[in-house]
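J.: could you look at this predicted model? Sequence included:
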Amino acid sequence: MDLYLDHNTALHRLDPRAKLFGLLVAFALTLVFNHPGYVAAAVAAIVLAAGIGRCFVNLWRLRVIFVLLFLFSVVLWPLMLRGPTLVARLGPLSVTRESLLYGLAVGLRLDAMVAAGLVFLSTTRVEEFTSGLRRLGLPFPVSFAFSLAFRFVPTFAESAYTIIQAQKSRGLDLESGGLLTRLRRHVPLLIPAVICAIRNTDLLAMALESRGYGASGRRTDYLELRFRWRDALICLALTAALGVAMWWRLSGHGAVLPRL
């Protein structure tokens, strides 16, 4: 259930602070423009990063989410926004060229954000992420909370998957019937899943107390991070790209509607 892929690529060898900065820049670049052509360029850059980090396996695992995010955006946004160029009218609803392009851009934007997060999680260990946050000046409890979130989500998902498979082996039918029927059959599975989550949390709290968590303000790290020249060059290149993108948008380009 872990998203990290253990490969020796150029993206894996980067400092986690540089990768975190790249993730924030990727989010910002997708938010700067709302024209699908410009957002598609950001998507292409993220796909290129995924190829460098050999992360296509994780992207393929979430292919259904990518398709659903894109389709919901393309269908809903044209019905909620209005533009000057009318394309079609469906009774009281009207679809304009600008709203349709905006829906395409938002769909690509959501997919780009999810893909950028997957690339980051596929190339960065939890320990590296936590240590990078501490080196950036965040207090240790905050960094530790982030690391627990990354650790507990796969653990909780694995426990839920195990419970579902165990109940299926006992004859529970979760595939037949309509959507509401299948949802009702999943409700009893929430109880053991929640109990497992509470039990794991209690065990973690006892383990932290037994190891003296919070007893001393000074902490040392086993993992030593080094911000090398290549990390600095990448951060400078990303900063320059973001600056050019913001200047281009402020110049009146890359927008089909005057909004984010």
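T.: Thanks, I have it.
J.: ok, L260 - how many residues close by?
T.: By other Cβ atoms under 10 Å, the residues close to L260 number 11. Glycine gets a C-beta too; all of them are placed from N, C-alpha and C.
J.: so it sits right up against L31, yeah?
T.: Yes - using Cβ atoms under 8 Å, L260 is in contact with L31, at 5.8 Å.
J.: domains in the chain, by residue range?
T.: Residue ranges for the domains of the chain, per automatic domain parsing: 1-124+228-260, 139-224.
J.: distance between the ends of the last one?
T.: End-to-end distance of domain 139-224 (Cα to Cα, to the nearest Å): 17 Å.
J.: how close does Y38 sit to V256?
T.: 10 Å (Cβ to Cβ, to the nearest Å).
J.: how about low-confidence regions in the stretch 1-150 of the chain?
T.: Scanning the stretch 1-150 of the chain for pLDDT under 70 picks out 1-2.
J.: if I look at T162, how far off is R170?
T.: As judged by Cβ to Cβ, T162 and R170 stand 13 Å apart.
J.: what about R211, neighbour count?
T.: 8.
J.: next: S147.
T.: Using other Cβ under 10 Å as the criterion, the residues surrounding S147 number 17.
J.: about what we covered before: relative to L133, which of the domains of the chain is closest?
T.: Evaluated with Cβ to Cβ, the domains of the chain place domain 139-224 nearest to L133, the distance being 4.1 Å.
J.: re the thing from before, let me have the domains of the chain in CSV, adding distance to L133 as columns.
T.: Shown next, in CSV, are these (distance: least, Cβ to Cβ, whole Å):
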stretch, distance to L133
domain 1-124+228-260, 8
domain 139-224, 4
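J.: return the most buried member of these.
T.: Stretch with highest mean neighbour count among those: domain 1-124+228-260 (a mean of 17; mean count of other Cβ atoms under 10 Å).
J.: starting at the chain centroid, how far to it?
T.: 11 Å (Cα atoms, centre = their mean, to the nearest Å).
J.: going forward, begin numbering at 30 instead of 1
T.: From this message on, residue numbering opens at 30, which makes the last subject domain 30-153+257-289.
J.: so H36 versus A73, what's the distance?
T.: 21 Å.
J.: quick one on the thing from earlier: overlap in contacts of Y67 and V285?
T.: A134 (Cβ atoms under 8 Å, 6 or more residues apart in numbering).
J.: show me where the chain has its helices.
T.: All helices of the chain, identified by DSSP state H, fall at 45-61, 65-82, 85-90, 92-109, 126-152, 155-164, 169-198, 208-239, 258-279.
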